[in-house]
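A.B. asks: show me the folded form of this:
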Amino acid sequence: MRLACPFCGLRDEGEFAYEGPVMDWPALDARPAKWVDAVYLRDQPRGETRELWRHHLGCGSLLEVVRNNVTHEVASVGHADPAETRALKVRVR
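C.D. replies: Numbers count the residues shown, from 1 in each chain. Next up is the predicted model:
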């Protein structure tokens with residue numbers, strides 16, 4: 001599988017580290033049962049998923065990847081934090 005980093009271009013997946021699925025975490029003051037569910041009881045859907053990947057052997061960016069976890073077809077790759085994307089673009093120039 002190859003991922004297109006917005007800053008470094010198309011790279012092999014060996015340059016990236018999987019950080020987990022994109023999730024909506026409970027509020028910090030949520031009941032403990034909500035946190036147990038969020039940390040230990042996750043769905044494992046088949047098909048298109050939203051995942052976080054770190055470009056650890058490149059620019060270090062945290063990327064949001066939309067891919068099919070059955071066929072490994074990548075639909076899109078973007079920076080996980082749009083504000084950080086703007087800051088990185090300024091630094092790269």
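A.B. asks: from here on, contacts and neighbour counts on C-alpha atoms
C.D. replies: OK.
A.B. asks: surely Pro26 touches Val39?
C.D. replies: No. Pro26 is beyond contact range of Val39, at 10.0 Å (criterion: CA atoms under 8 Å).
A.B. asks: of those two, which one has the most company?
C.D. replies: Neighbours per residue, other CA atoms under 10 Å: of Pro26 and Val39, the larger number sits with Pro26, 14 against 10.
A.B. asks: where does the more buried one land in three-state SS?
C.D. replies: Taking DSSP: H, G, I helix; E, B strand; the rest coil as the rule, one finds Pro26 in the coil state.
A.B. asks: gap between stretch 23-36 and the chain center?
C.D. replies: 20 Å (CA atoms, centre = their mean, to the nearest Å).
A.B. asks: so how far does it reach from one end to the other?
C.D. replies: Stretch 23-36 stretches 14 Å from its first residue to its last (CA to CA, to the nearest Å).
A.B. asks: quick one: mean pLDDT over that stretch.
C.D. replies: Averaging pLDDT along stretch 23-36 gives 92.
A.B. asks: so which residues make contact with it?
C.D. replies: With CA atoms under 8 Å, 6 or more residues apart in numbering as the test, stretch 23-36 has contacts from Ala38.
A.B. asks: helices or strands up against the strand or helix carrying Leu52?
C.D. replies: Using DSSP states H and E, Leu52 sits within strand 48-54. Counting contacts by 3 or more CA pairs under 8 Å, 6 or more residues apart in numbering; DSSP states H and E, strand 48-54 packs against strand 17-21, strand 62-68.
A.B. asks: now the very next helix or strand once past the longest one: buried residues?
C.D. replies: Taking DSSP H and E as the definition, the helix or strand that follows strand 62-68 towards the C-terminus is strand 74-79. Applying a neighbour-count criterion of 16 or more other CA atoms under 10 Å, one finds Val74, Val77, Gly78, His79 buried in strand 74-79.
A.B. asks: residues in contact with the last one?
C.D. replies: The contact partners of His79, taken as CA under 8 Å, 6+ apart, are Pro6, Ser61, Leu62, Leu63, Glu64, Thr85.
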